[in-house]
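1. Quick one, structure for this:
(3 chains)
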Amino acid sequence: MGTRQYGHKTSHSEPGPGDGGRTGSWRVARPILDANACIPAKRGTAACFICWLYCPDGVITRTIPPGIDYEYCKGCGICAEECPTKAITMVEESCFILTEERKR
Amino acid sequence: MHIIESGNVAAAQGVKLSRAQVIAAYPITPQTPLTEKLSEFIESGEMDAQYVPVESEHSALAVCIAASSTGARAFTATSANGLLYMHEQIHWAAGARLPLVMCVVNRGVGAPWTIWNDHQDSISQRDTGWIQIYVNDHQQIIDGVIKAFMLAEEVMIPVMLCYDGYLLSHTYMPFEVPGQEQVDAFLPPYKPAYALDPAHPANLNTVTLPEVRVDAKGRTAHGYMEIRYLLQEDMQGAIKVMSRVEERFKEHFGRGGNPHYETYRCEDARFIAVSMGSLSYHLREVIDSLRDDGIKAGIMSIHLYRPFPAQVIAQGLEGAEGVVVFEKALSYGYEGALCSDVKAALYTFNGSRKKRPFVHNYILGLGGREIKTTDLYEAFKDTCLNNGKADVGLKWIGLKI
Amino acid sequence: MHMKTTILSLPEEEFVHPGTRACSGCGLGIAYRIALKALGKNTILVVPPSCLTVLQGLYPVAATMLPCLNVTFASTAAASTGMVAALKALNKPDIKVVAWAGDGGTADIGLQALSGAAERGDNFLFICYDNEGYMNTGVQRSGTTPQWAITANTPIKGKMQQKKDVPAIMAAHHLSYVATCSASYPLDLYDKVKKAVTLPGLKYIHIQIPCPPGWGFEARYAVKLGKLAVETGLFELYEVEQDVQRLTGASGKIADKRSLVPVAEFFKAQSRFRLMNSSQIEKIQEQINKKWAGAFEIAGDTDEP
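-> Coordinates of the predicted model:
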């Protein structure tokens, strides 16, 4: 079964996530947010959101507290570096592999 | 309306009547009067189009590629080194399947510099995936432009319409200019299957992996090789589409014939000259003289060079004892490109060795070297009388070395 | 005086899907994501071969949610011109055309077409994202690579020539708008992009993009590096409108406070400058001091960043 029936005869790409696959697998360390130190979480109102602003991959949600999509988070650490209250710390990915394996 | 004008003006008239919407123009001899005429049409309000005076030929084709991808009918023209400068874009337009039309006013290429006519510029683009058509006179130029837009938009492959620099571009001939309503009835507005549109976002012509891959909706998409295969397939299909376009043109304008090649006195010819462009009409004098001498000669003037209509050309030549290919270009290190293509066609489609005509190759007119009728006559006669027994291999006419 | 955008007033809508092939910590990821918020849906992008080509996705998946045309390396500006012409011919003049080229595609191979489009006054925004090298092909030197940087093809001596000043070249075309930005100051970038698209003719925005693998630093410091470039006065954030240049944001603050972070801190933070000696650094510090002496006399525009 070939590609003969495919719609376009040219290189025509339509939008969708994960062109690079599950880029979360690139991580060596993952960002963990401590809501007790997070400004919008403590105030219960929209504030700060510097982590959301600077995420190069748009995997942080502008919510209270911010959420991180670990499917695609590459673990760059910019959010941890820029958070004004150090509410985000980078934790070795290996800590989570064992937990996730156990879950399966 | 019957007028007497130059070949470049004939082309410009064709572009105006075809309602091209975006015109990119960079000056190069001998194309300049064509784009100058278009700028006159646009500035006077006679033609409604965007005229973009680009800063290079590479950019000229970039403008056309982007304009066409956005849904507008686009045109440009060039010659020689200008054509070579846009070579990367020529490949691009074909792979992007854009129905551009470009007039190539044939001129020799540097080094060294020449501004005079030969076919090396367009011949060297034959592998790119553009449809290539060579025309012989001004009527064919204006008609050819109009037909080119229809053909291009039908098969979504860009078309190069080639005519001889100076010999056709700058000489004056009478020709019929069809009316705008007539052309509008023949050639509808450009309506592509897809044009860049914020309502339907897509990313065009990005990096394409060697293997097929699943798209965002889970369907297996073509790979690079499939995309290129489809270009080849549609190019070959264009041979028949060209015939349909020709029939339609004949219905509307009363002019037309065989769109692939044009013959003169070939019906009972023992020896057939093959050529492209204005040389084909020049050769008619030679044919008439040979006939007066009792030699049954004829000419096949090829219009459609790519896709190469190999089967019909082989059929057209099969009755002859000898074929002499006269060319204003060559594939350096081997022989004339047209000659190789003709031989291959005869090899593929003409049965046993006994029936195949011999094929000889003459190179002439490079860099605008004058082509004397007497030289043509002597060369052709020599080949006919020796019945192909003279040594094969490239021969040159008009060389003064 | 227009209102400066804040993090909280930035639109939430995203125009880039996650899971792209951009490097971890890519400065372009930040700049692209925020700038697209300023552009919005009614935009078509033009992109030559560059890091963005890869970020945007390989066929048949597109990470960008806007329509985009990939073009040959030299032709970004010419293709944008053609697109604008087509939209005019089709009576769709309010669709924005925005070119995004890397430094190579702007300052080297792309400069001819860019200058041509500038001279013709074609109505589109040309954005150069400058990561200071041909990063997509493996960190080769470009016209905008700074002096002394070690790159893949200046591996031992470092680049001998100075960085090409592309914004100055574009300003010399007397455009309606020329601006410099940084991925580390995305709100300044957002405002400039928003302003640029309202102005006529060709607009040029030059964004400095910190690049972790190309510049040689840990990904988490990408924003810090970009800020350091500005705080040392090495890179200035400015706008040129009607041929009048004015500092913006953090660069305006520097002019006010008359203080520069020593440029050595910027160089020492990146392994691409590892072979610089102190006299080379001093020479650059002198050039920066001289450059800013005039600005220190005239206060810049210093609204809150």
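
2. where does the closest residue to C:A219 other than its chain neighbours land on pLDDT?
-> Nearest residue to C:A219 in three dimensions, chain neighbours excluded: C:G25, at 2.7 Å (Cβ to Cβ, 6 or more residues apart in numbering or on different chains). (Glycine included, C-beta is placed from N, CA and C.) Listed pLDDT for C:G25 reads 97.

3. got a list of what C:G25 touches?
-> Neighbouring residues of C:G25 by Cβ atoms under 8 Å, 6 or more residues apart in numbering or on different chains: A:P56, A:K74, A:C76, A:G77, A:I78, C:P212, C:E218, C:A219, C:R220, C:A222.

4. what number of residues lie near the fifth one?
-> Spelled out, that is A:I78. Neighbour count of A:I78, defined by other Cβ atoms under 10 Å in any protein chain shown: 32.

5. cool, the second one as well?
-> A:K74 has 28 neighbouring residues, counting by other Cβ under 10 Å.

6. Would you enumerate the residues in contact with the closest residue to it other than its chain neighbours?
-> Among residues not flanking A:K74 along the chain, C:S24 sits closest, at 3.8 Å (Cβ to Cβ, 6+ apart). With contact set as Cβ under 8 Å, 6+ apart, C:S24 has these partners: A:W26, A:K74, A:G75, A:C76, C:P212, C:A219.

7. and which of these is nearest A:P15?
-> Distance ranking of the contacts of C:S24 against A:P15, using Cβ to Cβ, places A:K74 first at 19.8 Å.

8. Kindly provide the distance from that closest one to C:Y32.
-> Distance, A:K74 to C:Y32, by Cβ to Cβ, to the nearest Å: 15 Å.

9. thought C:S271 was touching C:P213?
-> No - C:S271 sits out of contact with C:P213 when judged by Cβ atoms under 8 Å, with a separation of 10.2 Å.

10. Please identify which of those two sits among more neighbours.
-> Neighbours per residue, other Cβ under 10 Å: of C:S271 and C:P213, the larger number sits with C:P213, 15 against 11.

11. Report pLDDT for that one.
-> Looking at C:P213, its pLDDT reads 97.

12. I figured it was touching C:G138, is that so?
-> No - assessed by Cβ under 8 Å, C:P213 is found out of contact with C:G138, at 9.4 Å.

13. Skip the chain neighbours and tell me the closest residue to the residue nearest the centre of chain C.
-> Central residue of chain C (Cα atoms, centre = their mean): C:I207, 1.4 Å from the mean position. Leaving aside its sequence neighbours, C:I207 sits nearest to C:C181 (Cβ to Cβ, 6+ apart; 4.5 Å).

14. can you give me the helices for chain A?
-> Along chain A, the stretches classed as helices by DSSP state H are A:39-43, A:50-54, A:78-82, A:94-103.

15. Please identify which of those helices is closest to B:E335.
-> Counting by Cβ to Cβ, B:E335 lies closest to helix A:78-82 out of those; the figure is 62.6 Å.

16. any idea of the mean pLDDT in that closest one?
-> Helix A:78-82 shows a mean pLDDT of 98.

17. list the helices and strands it packs on?
-> helix A:50-54, strand A:88-92, helix C:222-231 (3 or more Cβ pairs under 8 Å, 6 or more residues apart in numbering or on different chains; DSSP states H and E).

18. Any chance of TSV for these, columns mean pLDDT, distance to chain B and mean neighbour count?
-> Output for the helices and strands packed on helix A:78-82, formatted as TSV (pLDDT from 0 to 100; distance: least, Cβ to the nearest Cβ, whole Å; neighbours: other Cβ atoms under 10 Å in any protein chain shown):
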stretch	mean pLDDT	distance to chain B	mean neighbour count
helix A:50-54	98	24	23
strand A:88-92	97	31	17
helix C:222-231	98	24	23
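
19. want to throw these into TSV with distance to B:N361?
-> TSV is the format used below for those (distance: least, Cβ to Cβ, whole Å):
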stretch	distance to B:N361
helix A:50-54	68
strand A:88-92	72
helix C:222-231	63
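
20. list the contacts for residue 56?
-> Just going to use chain A. Counting by Cβ under 8 Å, 6+ apart, A:P56 touches A:C76, A:I78, C:A22, C:G25, C:C26, C:G27, C:L28, C:G29, C:I30, C:R33, C:A222.

21. sorry, should have said chain B
-> Applying Cβ under 8 Å, 6+ apart to B:S56 gives the contacts B:Y26, B:Y85, C:A78, C:Q112, C:A113, C:G116.

22. C:R21 now?
-> Neighbour list for C:R21: A:D19, A:G20, A:T23, C:V54, C:L55, C:G57, C:L58 [criterion: Cβ under 8 Å, 6+ apart].
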